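Chemist: what follows is a predicted protein model with its sequence.
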Amino acid sequence: MPTFLTPQQFLTTGAEVLVDVRSPGEFGQGHWPGAQNLPLFSDEERAEVGTLYKQTSPDAALLRGLEIAGSKMRWYVEESRRLASNQILTIHCWRGGQRSQSVAWLLEKAGAQVQVIEGGYKALRQAGRKHLTEDERPWIVLHGPTGSGKTKLLHQLRDQGAAILDLEGMARHKGSAFGDLGEAEQPTTEHFENLLLRAYAQLPPEQPVWVENESKTIGTVYLPQVLQDRMQLAKLVQLDMPLTWRVEQLVADYAKFPIADLHQAFEKIRKRLGGQYVQQAQRALAAGNFAEAATIGLQYYDKAYRFSLERRTIPPAFQLQPETNDFRVITRQLLAWQRKTFPQ
């Protein structure tokens, strides 16, 4: 019999090799980060077995499932040996039922070390949400106008040992009309949540969590409500960067992209910025004047930033007006405030 692992144990310890035996379609919609897909059924086969279960009988579905899986038994064993290479295989399906336990039985018979996650993928997500909801450590939201370098500061904080969540990194989007430039395809909202839950479970314990302020969506990805709630109740650190520094930062970040892509990004905010300003920005881009284009774009983004500040019911806990644009210096100031506010 395989060993059973609770979702809470998995969140704490992880796995050497994690195998998801759900269908490719289920896996593509969302899977636990790092999982390998070793499907018991294809999407079509899963649909066929499910239809038999509902319209004929559970026994008919079982027999058809055995018929399908039987022809693939050698493939399962060979693939598991390729994936595991003498390591422990941790297996899950949707609810920890017949699919995962059947594959676990087969692989054990073939000599593999196997453990099954109780309750499967569904229970694993529930455990991750429960931890995110009930964990009592404080949160800190890094807030500042566009171009303040908030993501770079988060990375500097992480490098100095702070606990951070890089939401834009997980979403593969920088959170603006220009946010998809240079990024890979975004994950589904379900998979983004899995990335978030895994990242949160792996944070250093008992430290405040730093996160960048975001709206309800990052590109096409929706933030879970529990995450939005935690961010609304978090302490707010407000960065007041001079306009000149922010323009320099935006030019450094975006001038490397093709002019045509920058033109298209400005088109996305034409209605909100105004056609006249969009045309001015596009003319500036054509002339190679990226600083002017960035300054024009900030008219819209600074207005949105002020609106987001007005919506918060909790005033900033710390307002920083840096005297230098050296991110290492700013990071030290942020960490000094953290130590003073949340002494260990």
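Modeler: That came through, no problem. All values reported here derive from a predicted model rather than from experimental measurement.
Chemist: tell me which other helices or strands the longest helix belonging to the chain touches.
Modeler: Assignment by DSSP state H gives helix 290-311 as the longest helix of the chain. Where contact means 3 or more C-beta pairs under 8 Å, 6 or more residues apart in numbering; DSSP states H and E, helix 290-311 is packed against helix 243-254, helix 259-268, helix 270-273, helix 275-286. Placement of C-beta: from N, CA and C, glycine included.
Chemist: where among the ones you listed is the average confidence lowest?
Modeler: Lowest mean pLDDT within those: helix 270-273, at a mean of 92.
Chemist: quick one: the following helix or strand past the longest helix of the chain to chain centroid distance?
Modeler: Using DSSP states H and E, the helix or strand that follows helix 290-311 towards the C-terminus is strand 318-320. Here strand 318-320 is found 27 Å from its chain centre; the criterion is C-alpha atoms, centre = their mean, to the nearest Å.
Chemist: hang on, isn't residue 174 packed against residue 151?
Modeler: Yes. Between residue 174 and residue 151 there is a contact under C-beta atoms under 8 Å: 7.4 Å.
Chemist: now do stretch 195-208, average pLDDT.
Modeler: 93.
Chemist: mind listing what's buried along that stretch?
Modeler: Neighbour counts over stretch 195-208 (16 or more other C-beta atoms under 10 Å) mark 195-201, 207-208 as buried.
Chemist: show residues contacting it.
Modeler: For stretch 195-208, the external contacting residues (C-beta atoms under 8 Å, 6 or more residues apart in numbering) are 11-12, 32-34, 125, 128-129, 131-132, 135, 137-140, 161-163, 165-167, 170, 187, 209, 224, 227, 338, 342, 344.
Chemist: buried subset of those?
Modeler: 11, 32, 125, 128-129, 131-132, 139-140, 162-163, 165-167, 170, 187, 209, 224, 227, 338.
Chemist: so which of the residues you listed belong to helices?
Modeler: Short answer: the buried ones among the contacts of stretch 195-208 in helices (DSSP H) are 11, 125, 128-129, 131-132, 167, 170, 227, 338.
Chemist: could you report the neighbour count for the nearest residue to residue 124 once chain neighbours are set aside?
Modeler: Distances taken as C-beta to C-beta, 6 or more residues apart in numbering put residue 7 closest to residue 124, at 4.6 Å, once the chain neighbours are dropped. Counted with other C-beta atoms under 10 Å, the neighbours of residue 7 add up to 23.
Chemist: show me what contacts residue 7?
Modeler: 117-119, 123-124, 126-128 are the contacts of residue 7 under C-beta under 8 Å, 6+ apart.
Chemist: as a markdown table, the residues you listed with distance to residue 247 and pLDDT would be great.
Modeler: Output for these, formatted as a markdown table (distance: C-beta to C-beta, whole Å; pLDDT from 0 to 100):
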| residue | distance to residue 247 | pLDDT |
| --- | --- | --- |
| 117 | 50 | 96 |
| 118 | 54 | 95 |
| 119 | 51 | 95 |
| 123 | 49 | 96 |
| 124 | 45 | 96 |
| 126 | 45 | 96 |
| 127 | 45 | 96 |
| 128 | 40 | 96 |
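Chemist: the residues you listed: which two are farthest apart?
Modeler: Greatest spatial distance in these: 118 and 128, 14.4 Å, computed using C-beta to C-beta.
Chemist: roughly how far apart are the residue lying closest to residue 8 once chain neighbours are set aside and residue 7?
Modeler: Among residues not flanking residue 8 along the chain, residue 127 sits closest, at 5.4 Å (C-beta to C-beta, 6+ apart). Remark: distance between residue 127 and residue 7 (C-beta to C-beta, to the nearest Å) = 4 Å.
Chemist: one more: residue 131?
Modeler: 10 Å.
Chemist: find the residues that touch each one of these two.
Modeler: Counting by C-beta under 8 Å, 6+ apart, nothing touches both residue 131 and residue 7.
Chemist: can you get me a residue count around residue 311?
Modeler: Neighbours around residue 311, by other C-beta under 10 Å: 8.
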